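Engineer: Got a sequence here, can you build the structure:
(one chain, ligands or ions: 1)
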Amino acid sequence: MNAPMHSPMNASTNANPASGPTVPCPTCRRPTVYRRDNPFRPFCGERCKQIDMGAWAAEDYRVEAPPPKAEDAPD
Ligand SMILES: [Zn+2]
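Structural biologist: The predicted model follows:
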């Protein structure tokens with residue numbers, strides 16, 4: 001018996017990268033692959049995600065202080 005040492009069925013199956021729907025990154029507008037294994041989706045990376053989070057956080061922190069009621073101040 002002359003068995004082949006390596007079978008052609010065992011070819012290295014490298015998942016082709018960037019194979020999936022791409023969405024524009026909300027921060028930098030660059031197309032990024034929307035994949036389940038992308039923890040930063042729909043962002044292109046952690047940085048852009050942090051930037052976006054900081055953006056809405058800044059908006060939320062902008063609390064308008066009510067003006068003091070000067071006209072209703074006691075005499
Ligand atoms: Zn980005």
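
Engineer: Pull out the buried positions in stretch 31-38.
Structural biologist: Of the residues in stretch 31-38, those buried under the neighbour-count criterion (16 or more other C-beta atoms under 10 Å) are 32-33. For every residue, glycine as well, the C-beta is placed using N, CA and C.

Engineer: How about it and the ion, any contact?
Structural biologist: No - applying C-beta under 5 Å from the ion, one finds stretch 31-38 separated from the ion by no less than 6.5 Å.

Engineer: Stretch 44-54 now?
Structural biologist: Yes - Stretch 44-54 is in contact with the ion by C-beta under 5 Å from the ion, via 44, 48.

Engineer: quick check: mean pLDDT across that stretch?
Structural biologist: For stretch 44-54, mean pLDDT rounds to 90.

Engineer: then it to PDB, C-alphas only?
Structural biologist: Output of stretch 44-54 as PDB, limited to C-alpha atoms (Å, rounded to 0.1, in the frame of the first residue of the first chain):
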ATOM      1  CA  CYS A  44     -13.800  50.200  12.200                       C
ATOM      2  CA  GLY A  45     -11.900  50.000  15.400                       C
ATOM      3  CA  GLU A  46     -11.800  50.600  19.100                       C
ATOM      4  CA  ARG A  47     -10.600  54.200  18.700                       C
ATOM      5  CA  CYS A  48     -13.500  55.200  16.500                       C
ATOM      6  CA  LYS A  49     -15.900  53.500  19.000                       C
ATOM      7  CA  GLN A  50     -14.400  55.400  21.900                       C
ATOM      8  CA  ILE A  51     -14.600  58.700  19.900                       C
ATOM      9  CA  ASP A  52     -18.300  58.100  19.200                       C
ATOM     10  CA  MET A  53     -19.000  57.200  22.800                       C
ATOM     11  CA  GLY A  54     -17.200  60.300  24.000                       C
END
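
Engineer: ok, how many other residues are close to the spatially closest residue to Arg35 that is not a sequence neighbour?
Structural biologist: Among residues not flanking Arg35 along the chain, Gly20 sits closest, at 5.1 Å (C-beta to C-beta, 6 or more residues apart in numbering). As a burial measure, Gly20 scores 13 neighbours (other C-beta atoms under 10 Å).
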